[in-house]
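Q: make a model of this:
(one chain, ligands or ions: 2)
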Amino acid sequence: MNILLLGYGKMGKIIGEIAESRGHSIAGKINIENKSDLDLLDPSQIDVAIEFSQPEAAFENISWAINHGVPIVVGTTGWLDKKKEVEALTLEKEGSFFYASNFSVGVNIFFKVNELLSKLMNETKGYEVSIEEIHHTAKKDAPSGTAITLAEGIIKNLSEKDSWNLAGETNSQENSVEITSKRIDPAPGTHIIRYKSEIDDIEISHTAHSRQGFALGAVLVAEWIPSKKGVLSMDDFLSF
Ligand SMILES: NC(=O)C1=CN([C@@H]2O[C@H](COP(=O)(O)OP(=O)(O)OC[C@H]3O[C@@H](n4cnc5c(N)ncnc54)[C@H](OP(=O)(O)O)[C@@H]3O)[C@@H](O)[C@H]2O)C=CC1
Ligand SMILES: O=C(O)C1=N[C@H](C(=O)O)C[C@H](O)C1
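A: Ligands and ions are numbered 1, 2, ... in the order given. Okay, the predicted model is just below:
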């Protein structure tokens, strides 16, 4: 396949290496300084675009791909206020758009464990839930996209919670899941869910040891998406 990399930073580089090792070609490596190179590309020669850039850049890159009929796999976090607009454009143009806050298989298993645990905790009184996420200091957004997905999984199942808030912000309320974001190098990504009570604590966590799992997941989805249409997610891709 011919793969366009929108964003060629820490993730883009690993994705490019994995894609080439799996026999794919890289149609372009787009960063902020060579953004205008997009105009030189022939979209009909691109099988799929993989977008790992920055929160402020994602919407424009995704729109470019959908408007040019290029299926797009998006890992960038921190731009979700525009997701509804992207979904509407995808449907209007009959395009293919895939977003995941986390492409690693381990985290996607962790998402399912989180949902199961929150269902059990909904039947139990006396515990207060919270989320902690730890990432490297170059991360631009907080909380992490993964922490937001985890919070959504809890809100879906725990009847006493209907929102989330970042620790230290003023909108903290009893019905809100508090997320603490820590920035410590070189953490590739750690997420911890805690249920605390006077009697005991229950804790589940996922720790990424490198960016390899995120990057491989994005390439596997890119290999899968060209034959698919619409707004797609890990639930469509994974069989669990
Ligand atoms: N979903 C998942 O599984 C994962 C998601 N992520 C997310 O992916 C994103 C990227 O992470 P990471 O690679 O670590 O970040 P980096 O900062 O290392 O890389 C981002 C790159 O995007 C480039 N960029 C900036 N503006 C544009 C633009 N308009 N078009 C194209 N590229 C642009 C930057 O270029 P320049 O340096 O020139 O400014 C930089 O090279 C983040 O949002 C992160 O949260 C990360 C890991 C896993
Ligand atoms: O910025 C990162 O590095 C990561 N971002 C994603 C997120 O915001 O959840 C996924 C992963 O944790 C690494």
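Q: ok, S130 touching E178?
A: Yes: at 4.8 Å, S130 counts as touching E178 under the criterion of C-beta atoms under 8 Å. All C-beta spots, glycine's among them, are computed from the backbone N, C-alpha and C.
Q: quick one: the longest helix seen in the chain near ligand 2?
A: Longest helix in the chain by number of residues (criterion: DSSP state H): helix 105-122. No: contact between helix 105-122 and ligand 2 is absent, the nearest approach being 7.3 Å (criterion: C-beta under 6 Å from any ligand atom).
Q: show me what counts as buried in that helix.
A: For helix 105-122, the buried set under the neighbour-count rule, 16 or more other C-beta atoms under 10 Å, comprises 107-108, 110-111, 114, 117-118, 121.
Q: looking at these, spot the one nearest ligand 1.
A: Within the buried residues of helix 105-122, distances to ligand 1 taken as C-beta to the nearest ligand atom reach their minimum at V107, with 7.5 Å.
Q: tell me the contacts of the closest residue to that closest one other than its chain neighbours?
A: Setting aside the residues directly before and after it, V107 is nearest to H206 in space (C-beta to C-beta, 6 or more residues apart in numbering), at 5.5 Å. Contact analysis of H206 by C-beta atoms under 8 Å, 6 or more residues apart in numbering lists 106-107, 110, 189-191.
Q: report the secondary structure state of H206.
A: The three-state label for H206, taken from DSSP: H, G, I helix; E, B strand; the rest coil, comes out as strand.
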